[in-house]
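Q: Structure for this input, please:
(2 chains)
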Amino acid sequence: GPKVLQIPSHQIIDMGQMVTLNCDPVSNHLYFYWYKQILGQQMEFLVNFYNGKVMEKSKLFKDQFSVERPDGSYFTLKIQPTALEDSAVYFCASSLGLGGREQYFGPGTRLTVL
Amino acid sequence: GDSVTQTEGPVTLSEGTSLTVNCSYETKQYPTLFWYVQYPGEGPQLLFKVPKANEKGSSRGFEATYNKEATSFHLQKASVQESDSAVYYCALSDHNNNNRIFFGDGTQLVVKP
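A: Residues are numbered from 1 along each chain as shown, chains lettered A, B, ... in the order given. Coordinates of the predicted model:
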């Protein structure tokens, strides 16, 4: 089936530095999402993105977070500066539409902030 | 707000036995309900979804009925296999929330040969 790729699979970074997580969504999909999962906890929605704009963000999407997809390339999540509590697995997803359309998830990027 | 509660894991079964993972949900809207499965090192993948109340979804021998009155969506399988070992997530998405998915905590299933 359709694949979502995420780069890198693991990232270790010192607190206060910037990190960019990259997502290569399914090629014809229009809606993009980031979810965060802290080890042993629930997977939680961060943000969704369509047509170059954030549609909705949760309270977990702090001011230090930003997303973009320049010119149809990677869909990115940037954290600047990082904090210890940002350590988690971040999952990217994409869908063709809304209204309960299936979201296809990538394998996740494990971010460790030291 | 929207939320999903499901059976706490891990659930350990022998091959050939039956599975039930309970799932209940809360929402003021009219959601689509999902079961996702996640294998080690991978992201969640859709098992099946049910957009309408009182309908049943199924895939690979797993099934669940969208029970609006009971606000439940329990996952069942008559005979589990070792390859079914994974984490199962009950989830919902309501049409007024821009397709954001609310996940349950996940239930780890371990099937022993």
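Q: pLDDT below threshold where in chain A?
A: In the prediction, chain A carries no residues with pLDDT under 70.
Q: can you list the residues of it near chain B?
A: Residues of chain A lying near chain B by CB under 8 Å from any CB of the partner chain: A:1, A:4, A:31, A:33, A:35, A:41-45, A:48, A:55-56, A:58, A:91, A:93, A:95, A:98-108. C-beta: built from backbone N, CA, C; applies to glycine.
Q: And these, which of them are buried?
A: Burial by neighbour count, judged by 16 or more other CB atoms under 10 Å in any protein chain shown, picks out A:4, A:31, A:33, A:35, A:42-45, A:48, A:55-56, A:91, A:93, A:95, A:98, A:100-108 from those.
Q: about what we covered before: among the residues of chain A next to chain B, which are located in strands?
A: A:31, A:33, A:35, A:43-45, A:48, A:55-56, A:91, A:93, A:95, A:104-105 (DSSP state E).
Q: Just give me the closest of those residues to A:Val19.
A: Distance to A:Val19 across those (CB to CB) is lowest for A:Phe91, with 15.5 Å.
Q: For that closest one, which residues are in contact?
A: A:6, A:34-37, A:43, A:105-106, A:108, B:43-44 (CB atoms under 8 Å, 6 or more residues apart in numbering or on different chains).
Q: mind running it again at 10 Å?
A: Contacts for A:Phe91 (CB atoms under 10 Å, 6 or more residues apart in numbering or on different chains) come out as A:4, A:6, A:21, A:23, A:33-37, A:43, A:46, A:103, A:105-109, B:38, B:43-44.
Q: what pairs with the closest residue to A:Gly1 other than its chain neighbours across the strands?
A: In space, and not counting its chain neighbours, A:Gly1 is closest to A:Tyr104: 7.4 Å by CB to CB, 6 or more residues apart in numbering or on different chains. Beta-bridge partners for A:Tyr104, by DSSP bridges, are A:Ser94.
Q: wait, A:Tyr104 sits on A:Ser95?
A: Yes. At 7.1 Å, A:Tyr104 counts as touching A:Ser95 under the criterion of CB atoms under 10 Å.
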